[in-house]
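Enquirer: here is my input; please provide its structure:
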Amino acid sequence: MKIVSVNNSNMHVYANLYQGYATEFSKIIDDKPDENGLFEIYPMIEGNVSGYLLYIDDRPAALTAIQEKSAKEYEICDFYVLPCFRKNKLGKDFITNLFKRLEGSWEIKQVAGAEHAVKFWQNVVSDYTSGMFIEDKYLDEKWGLVTRQRFSHT
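Expert: Numbering: from 1, shown residues only. Now for the predicted structure:
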């Protein structure tokens, strides 16, 4: 397992993987590709949004976009593991590595209809925090009603 930050040299890898992520969620959030068949990357990896790629045996396996809302306060904006790498805890290992690396306070939201994502995040956050997290329903300005997990650690 190798985690690398997204930068100009590997942004194309992130962009390629993002298309699978956007396709998977397009049905849930009613998103459509542009005239070239591509989904817009949102949020872009710039400013206070950092991207990370997970590599397994030199192959890209997962991505995440994390916004640093203020010092040591993070929100996971996007998280995607390619289907061929699922079911072996790679996603869980990927994100918990980043939790440990970045520390601080975390917020994760799942849109209505993404029950698979809710279950994934409940499992990850519960294990990582030994059940010491807050989960609620939250009316997000962009996404509407979401399920949200929050926790802090140092």
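Enquirer: what's around residue 71, how many residues?
Expert: Per other CB atoms under 10 Å, the neighbour tally for residue 71 reads 7. Quick note: C-beta positions are derived from backbone N, CA and C, even for glycine.
Enquirer: and the contacts of the top helix by length along the chain?
Expert: Across the chain, the longest stretch assigned as helix under DSSP state H is helix 11-29. For helix 11-29, contacts defined as CB atoms under 8 Å, 6 or more residues apart in numbering pick out 6, 31-33, 38-41, 45, 51, 53, 60, 62-63, 78, 80, 82, 111-114, 143.
Enquirer: buried among these? Make that a PyMOL selection.
Expert: The following PyMOL line selects those of these that are buried, judged by 16 or more other CB atoms under 10 Å:
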select buried, resi 6+39+41+45+51+53+60+62+63+78+80+82+111+114
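Enquirer: okay, the longest helix of the chain in CSV with CA atoms only?
Expert: C-alpha atoms of helix 11-29 as CSV (Å, rounded to 0.1, in the frame of the first residue of the first chain):
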residue,chain,number,x,y,z
MET,A,11,-3.5,14.7,-11.5
HIS,A,12,-4.4,12.8,-14.7
VAL,A,13,-4.6,9.6,-12.6
TYR,A,14,-6.9,11.2,-10.1
ALA,A,15,-9.0,12.6,-13.0
ASN,A,16,-9.3,9.2,-14.6
LEU,A,17,-10.3,7.4,-11.4
TYR,A,18,-12.7,10.2,-10.6
GLN,A,19,-14.8,9.3,-13.7
GLY,A,20,-15.6,5.9,-12.2
TYR,A,21,-16.6,7.6,-8.9
ALA,A,22,-18.8,10.1,-10.6
THR,A,23,-20.4,7.5,-12.8
GLU,A,24,-21.2,5.4,-9.7
PHE,A,25,-22.9,8.3,-7.9
SER,A,26,-24.5,9.9,-11.0
LYS,A,27,-27.7,7.9,-10.5
ILE,A,28,-28.0,8.9,-6.8
ILE,A,29,-27.2,12.7,-7.3
